[in-house]
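In: Fold the stuff below for me.
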Amino acid sequence: MSLNKDGSYTGFIKVQLKLVRPVSVPSSKKPPSLQDARRGPGRGTAVKRRTSFYLPKDAVKHLHVLSRTRAREVIEALLRKFLVVDDPRKFALFERAERHGQVYLRKLSDDEQPLRLRLLAGPSEKALSFVLKENDSGEVNWDAFSMPELHNFLRILQREEEEHLRQILQKYSYCRQKIQEALHACPLG
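Out: Residues are numbered from 1 along each chain as shown. Below you'll find the predicted structure:
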């Protein structure tokens, strides 16, 4: 940790990645060079082809940030480090605190400053650490998805709807059959 002339601090924060879904990276015929990795995705050319893969479970990344660096900027920096081209709004930064054997997660707002929070919490990682997860606020931000992803969602929904409809028809067909069997077994009168 170091103090800058303007009163801000510079230091490292450790972020654990707990991503459930795959991430997209640019697809190319040749592997990226060290200079490509430093420049990051989207600089100068648009990403036309993507490859999706799962990041290693519980991967940890250390970031060198300023005390005034906002959570949204931390997310963008993490995505750049892994060359992820997905929309940063698909992700959220959480603070993780452990108290009395209980683990508490709180989603940071875009404007909160993780290094400042880390400094205020003290040196213990149990008191405060950071986790990058999918942004599952319950409300889906459809603008954050590409056209192929949206078409894929529609295909999945169509399949689920057809399967659900098939199960309902099968259930009522079975009930109809049992009622008809009962009617034929009952003597008239």
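In: Mind naming the longest helix for the chain?
Out: Using DSSP state H to assign secondary structure, the helix with the most residues in the chain is helix 147-185.
In: measure residue 186 to residue 172 for me?
Out: For residue 186, the distance to residue 172 equals 21 Å [CB to CB, to the nearest Å]. All C-beta spots, glycine's among them, are computed from the backbone N, C-alpha and C.
In: Next, count neighbours for residue 172.
Out: Close neighbours of residue 172, defined as other CB atoms under 10 Å, add up to 10.
In: Point to the helix or strand of the chain where mean pLDDT is at its lowest.
Out: Sorting the helices and strands of the chain by mean pLDDT, DSSP states H and E puts helix 34-39 at the bottom, at a mean of 53.
In: so where do the helices sit in the protein?
Out: Counting by DSSP H, one finds helices in the chain at the ranges 34-39, 71-81, 114-121, 147-185.
In: Tabulate those helices (a markdown table), appending distance to residue 95.
Out: Output for the helices of the chain, formatted as a markdown table (distance: least, CB to CB, whole Å):
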| stretch | distance to residue 95 |
| --- | --- |
| helix 34-39 | 29 |
| helix 71-81 | 9 |
| helix 114-121 | 6 |
| helix 147-185 | 29 |
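In: Of all those, which one is nearest residue 108?
Out: helix 71-81 (4.2 Å; CB to CB).
In: In the closest one, which residues are buried?
Out: For helix 71-81, the neighbour count (16 or more other CB atoms under 10 Å) marks 71-75, 77-80 as buried.
In: on that earlier part again, mean confidence score for the longest helix of the chain?
Out: For helix 147-185, mean pLDDT rounds to 92.
In: Check the offset of that helix from the chain's centre.
Out: Averaged C-alpha coordinates place helix 147-185 at 32 Å from its chain's average position (CA atoms, centre = their mean, to the nearest Å).
In: ok, the nearest residue to residue 19 once chain neighbours are set aside - contacts?
Out: By the measure of CB to CB, 6 or more residues apart in numbering, the closest residue to residue 19 outside its immediate chain neighbours is residue 55, 5.4 Å from it. With contacts defined as CB atoms under 8 Å, 6 or more residues apart in numbering, residue 55 is in contact with 17, 19, 23, 82.
In: No further queries at this time; thank you.
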